[in-house]
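Q: sequence plus the predicted model coming up.
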Amino acid sequence: MASSRRYIISSALFIQLLMLSAVASPLADGVNPLGDFTKMNDDLLEELENNDNSKLIPVIFQLNSPMTANDETHLAELGFELLGRAPLVDGGLVEGTIGEVRELSNWDRIEYLELDKPLEFFYLPSEWGGEPTTDAGIMMHETTHVVTATDSWSRAIISPSGEVEYEIDQSFTEWDGDGTAIVDLDTGVDAGHPDYDYLEPWTGDKAIYSAKFDGVGWTETRNSDTSSGHGTHVGGTIAGNGDASSGRRAGVAKGGQLVALGTGDGASIFAAEQGLEWTYAHSIPGQNQHHIRVVSNSWGTDGDYNPQGVIAQLTDKLTFENGVAVIFAASNSGGSGAECSGDLRTNVYANTPSAVSVAALTHDGTAVTSFSSRGCMNQQHTWPDVGAPGRDIWATAPRGTAIDASTRTQGDLYYMAISGTSMATPHVGGIAGLF
């Protein structure tokens, strides 16, 4: 009996060793049938682990040099249809089964693969105390004062000749962001709102372009925020002119121009990547005719920061090659700063060193809100870089959307007050547009 038991145990150990060997070691031809784990991000590895082979998995791929016609042919031979292109990172978007994705990772042209997972917009949910406020005393002009935007507006502009610039009525020309364009990459914008003055694409002095991502490219539309309302509120904080409130609820860069890129509420990493690619293409030095200097991002996801990811790479390219300030919300996961194991409580994209990470402060700017992510106290790269008001922020309301419907009790048809690091981020985006 003892001999039989030893035989069973030995057999079990032998089988386990074989399984470990299959995972850890490639076959004789150098190809691991389970794929090249070093080329896949953690989210993708987890997706491969937890699904059957019938499910199609969306994957963003990067090649080790620009994609060619031969590469497209090989992708088709592997069973993939090219769903989108990402030329700035030498890649694109495909879908495949578990087996196909594993085989793709073994291709010597592949540099990196990541799961095209859904994104989160950092509007505060009700369980964190995010019910819309009805306090009529809270105005947008209070938070523009907190972030010292009003100090900038009161500065006189002196021309190169040394003369003070005046308006027709002999008032000082305000330092209010005029001449700088800020990209609001979000759910979209209802550019028909009085505070946006949208006319035709690339005209006017407020919202100069509004478009929605259709899965392939960007389609110009007056109202690109038809389901949520999140992006309309964010855009008003950035640069709304306050026309519907006689200026009381103007945004931070109230004279600046706004570019609204709408990904919709069901946005994924690839849709956001396409927005950053668009921003890059329209902000190249020497070709930046609309003076795009900032992109505000009140969205993100959890997980660990990886510099190989497409969002991190484009953040670096925008910052270092085009001189564009890339602003990200820190996220609404709260914490004390002591949570350092497992997933960090900060937006993974806000941890990109070249990005500006924004925490949410109370309305008067005196304290960090309980919901705002703080990062890990022992990992400085996870800390937010700056803070701005993110609690009960009044800004432009869209028409006929989910957030708009929930705020009708506030009694204002043009503005609404909501909370989140999503609301703090555009304050910083607007400030960046002033300078």
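A: All right, it came through fine. Residues are numbered from 1 along each chain as shown.

Q: show me the shaky parts of this structure.
A: Within the chain, the segments meeting pLDDT under 70 span 1-30, 125-139, 167-172, 341-344, 400-411.

Q: per-domain residue ranges of it.
A: Using automatic domain parsing, the domains assigned to the chain come out as 33-115, 121-434.

Q: quick one: distance of the shortest one to the chain centre.
A: Counting by C-alpha atoms, centre = their mean, to the nearest Å, domain 33-115 is centred 23 Å from the centre of its parent chain.

Q: what do you get for the last one?
A: Using C-alpha atoms, centre = their mean, the distance from the centre of domain 121-434 to the centre of the chain it belongs to is 10 Å.

Q: and it, how far apart are its ends?
A: Start-to-end span of domain 121-434 (C-alpha to C-alpha, to the nearest Å) is 25 Å.

Q: ditto for stretch 93-111
A: With C-alpha to C-alpha, one end of stretch 93-111 sits 14 Å from the other.

Q: before we move on, the earlier item: most tightly packed of the domains of the chain?
A: Greatest average neighbour count among these goes to domain 121-434 (a mean of 21), per mean count of other C-beta atoms under 10 Å. In this view, the C-beta of every residue, glycine as well, is placed from N, C-alpha and C.

Q: residues making contact with stretch 101-116?
A: Identification of contacts with stretch 101-116 by C-beta atoms under 8 Å, 6 or more residues apart in numbering yields 31-37, 39-41, 43-44, 47-48, 57-65, 71, 74, 78, 80, 90-91, 93-94, 96, 268-270, 306, 308-310.

Q: list the contacts for S331?
A: The contact partners of S331, by C-beta under 8 Å, 6+ apart, come to E120, F122, G300, D302, R345, T346, N347, A350, S373, T421.

Q: which one of those is nearest to V164?
A: Top of the list for closeness to V164, among the contacts of S331 and by C-beta to C-beta, is T421 at 38.7 Å.

Q: ok, and the closest non-adjacent residue to that closest one?
A: In this structure, T421 finds its nearest non-sequential neighbour in A329, 3.9 Å apart by C-beta to C-beta, 6 or more residues apart in numbering.

Q: same list (the contacts of S331) but as a markdown table, adding secondary structure and distance to V183.
A: Shown next, in a markdown table, are the contacts of S331 (DSSP: H, G, I helix; E, B strand; the rest coil; distance: C-beta to C-beta, whole Å):
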| residue | secondary structure | distance to V183 |
| --- | --- | --- |
| E120 | strand | 19 |
| F122 | coil | 17 |
| G300 | strand | 16 |
| D302 | coil | 24 |
| R345 | coil | 27 |
| T346 | coil | 22 |
| N347 | coil | 18 |
| A350 | helix | 17 |
| S373 | coil | 23 |
| T421 | helix | 18 |
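
Q: how about these in a markdown table, adding distance to D364?
A: Converted to a markdown table, the contacts of S331 look like this (distance: C-beta to C-beta, whole Å):
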| residue | distance to D364 |
| --- | --- |
| E120 | 27 |
| F122 | 21 |
| G300 | 26 |
| D302 | 30 |
| R345 | 24 |
| T346 | 24 |
| N347 | 24 |
| A350 | 24 |
| S373 | 20 |
| T421 | 17 |
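
Q: if anything else comes up later, I'll come back, but that's it for now.
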